[in-house]
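Peer 1: Just need the structure, nothing else, for what follows:
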Amino acid sequence: MEIMIALLLATSIYFSVYGLVHRGEVETHLPSQVFDRRQQEAQARFPGIQRKSWTPLTARYKELDKKLKPPFDLRRKLIKAGSPMGTLEFLTFFLLSLVGIPTVAMILLGDNFPKQNILLFSGIVGLAVPVLWLRSTIRKRQFNMRRDLPNLIDLLNICVSGGLDFMLAVTRVIRDMKPCDLTMELAEVQRETQMGLTRKEALKNLAWRIDMPEVYSFVRTLVQADRMGTSIGEALKIQADELRVRRFQRGEAMALKAPVKLLFPLFAFILPVVLIIVAAPILLQFVGSSGQVGFGF
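Peer 2: A predicted model of the protein is given here:
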């Protein structure tokens with residue numbers, strides 16, 4: 001019975017978070033002009049479908065999300081993670097995790113362990129789960145961007161060297177390169193320029209959203225080349241070579257750290273098993289011989 005209650009509680013929490021995150025397929029981090037334009041494009045593409053985008057509850061959530069000023073620059077961290085949810089959705093997820101995990105732990109373990117210890121440890125887990133999930137999402141997204149950035153710069157260099165304007169080269173790369181986080185961010189740069197921002201402002205917004213040293217260097221190179229009137233193709237080529245050298249050096253550093261990271265698993269898991277396999281026959285033989293000697297006396 002307790003297991004059924006725990007499963008029902010976990011299911012209700014999951015669907016509550018899912019309903020908040022996927023409400024009306026709305027991207028809350030977008031400016032209102034971009035959101036309205038996307039809605040118009042969707043209605044023009046599918047004229048027979050009439051979708052109700054906002055219910056009174058979700059409309060209220062939208063207003064609160066705009067007015068909310070969370071601590072620790074939470075909104076920017078969510079943008080760095082690719083905006084998987086809005087600020088208010090993340091805070092709701094945080095609250096559900098903080099309340100739901102201790103509740104499930106009390107239902108499952110309340111009869112076997114002290115309640116104070118259960119509440120303490122489950123509360124720590126409930127606090128840590130949303131934060132660790134957000135950090136993991138940011139780290140994974142930035143890792144993918146570091147991997148794809150040299151190839152993207154090479155494609156931009158080829159297009160610019162072939163005679164295309166930089167924004168036309170961006171459009172071509174978005175169309176021909178495989179879909180990834182970088183192409184989505186470049187598409188956002190293209191939309192911002194279409195909305196009236198200058199290329200410099202759109203690129204600076206790109207660096208602010210991603211918040212990576214490699215992207216800051218890339219944007220700085222483009223802005224300086226545009227300001228000084230130098231060749232963008234040559235600047236892109238130098239930037240791509242530099243990023244490849246950095247990636248190679250980062251791989252070497254990770255390879256050098258591997259033996260140090262293997263020490264703890266080696267001493268904690270592998271060495272005790274080896275000692276048991278080697279020493280167990282000797283101990284058994286010693287115990288057997290001692291028993292025979294004692295029996296003889």
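Peer 1: ok, how many other residues are close to the closest residue to residue 77 other than its chain neighbours?
Peer 2: Computed as CB to CB, 6 or more residues apart in numbering, the closest residue to residue 77 that is not its neighbour in sequence is residue 134, at 6.1 Å. For the C-beta atoms, the positions are set from N, CA and C on the backbone; glycine is no exception. Residue 134: 20 surrounding residues under other CB atoms under 10 Å.
Peer 1: Test my guess that residue 157 contacts residue 238.
Peer 2: No: with contact defined as CB atoms under 8 Å, residue 157 does not count as touching residue 238 (9.6 Å).
Peer 1: re the thing from before, now do the one helix or strand the residue nearest to residue 77 maps to: which elements does it pack against?
Peer 2: Element membership for residue 134, per DSSP states H and E: helix 115-161. With contacts defined as 3 or more CB pairs under 8 Å, 6 or more residues apart in numbering; DSSP states H and E, helix 115-161 has these neighbours: helix 74-80, helix 87-109, helix 166-176, helix 181-194, helix 213-228, helix 232-265.
Peer 1: What are the buried residues along the last one?
Peer 2: It stands for helix 232-265. With burial defined by 16 or more other CB atoms under 10 Å, the residues of helix 232-265 counted as buried are 232, 233, 235, 236, 237, 239, 240, 242, 243, 246.
Peer 1: And the residue nearest to the spatial centre of the chain, how close does it get to residue 213?
Peer 2: Closest to where the C-alpha atoms of the chain average out (CA atoms, centre = their mean) is residue 137, at 1.6 Å. For residue 137, the distance to residue 213 equals 19 Å [CB to CB, to the nearest Å].
Peer 1: same check, this time on residue 191
Peer 2: With CB to CB as the criterion, residue 191 and residue 213 are 25 Å apart.
Peer 1: higher neighbour count, these two?
Peer 2: Neighbours per residue, other CB under 10 Å: of residue 191 and residue 213, the larger number sits with residue 191, 17 against 10.
Peer 1: per-residue confidence for the more buried one?
Peer 2: For residue 191, the pLDDT comes out at 91.
Peer 1: Whichever helix or strand residue 281 is part of: which residues count as buried?
Peer 2: Taking DSSP H and E as the definition, residue 281 sits inside helix 271-296. Across helix 271-296, burial judged by 16+ other CB under 10 Å covers no residue at all.
Peer 1: Least confident secondary structure element in the chain?
Peer 2: helix 32-45 (a mean of 47; mean pLDDT, DSSP states H and E).
Peer 1: Go ahead and measure how far the helix holding residue 281 is from the middle of the chain.
Peer 2: Chain-centre distance of helix 271-296: 52 Å, with CA atoms, centre = their mean, to the nearest Å.
Peer 1: So what angle separates the directions of that helix and helix 232-265?
Peer 2: On the basis of axes from the mean of the first three to the mean of the last three CA atoms, to 10 degrees, helix 271-296 is oriented at 10 degrees to helix 232-265.
Peer 1: avg pLDDT for helix 271-296?
Peer 2: For helix 271-296, mean pLDDT rounds to 76.
Peer 1: and that helix, what other elements does it pack with?
Peer 2: Contact analysis of helix 271-296 by 3+ CB pairs under 8 Å, 6+ apart lists no helix or strand as a packing neighbour.
Peer 1: Show me the shaky parts of the protein.
Peer 2: Within the chain, the segments meeting pLDDT under 70 span 1-72, 290-297.
Peer 1: Spell out which residues make up each domain of it.
Peer 2: Taking automatic domain parsing as the reference, the chain has its domains at 2-113, 144-247.
Peer 1: measure the closest residue to residue 160 other than its chain neighbours to residue 182 for me?
Peer 2: Distance criterion CB to CB, 6+ apart; nearest residue to residue 160, sequence neighbours excluded, is residue 233 at 4.5 Å. Using CB to CB, one gets 19 Å for the distance from residue 233 to residue 182.
Peer 1: repeat for residue 212
Peer 2: In this view, residue 212 and residue 182 are 11 Å apart by CB to CB.
Peer 1: Pull up the overlap in contacts between these two.
Peer 2: Common neighbours of residue 212 and residue 182 are listed as residue 145 (criterion: CB atoms under 8 Å, 6 or more residues apart in numbering).
Peer 1: These two: which has the busier surroundings?
Peer 2: Using other CB under 10 Å, the more surrounded residue of residue 212 and residue 182 is residue 182, with 24 against 16.
Peer 1: My read is that the more buried one contacts residue 151, right?
Peer 2: No: judged on CB under 8 Å, residue 182 makes no contact with residue 151 at a distance of 9.0 Å.
Peer 1: Quick check: neighbours shared by those two?
Peer 2: When contacts are counted by CB under 8 Å, 6+ apart, residue 182 and residue 151 have no shared neighbour.
Peer 1: Sweet, I'm off.
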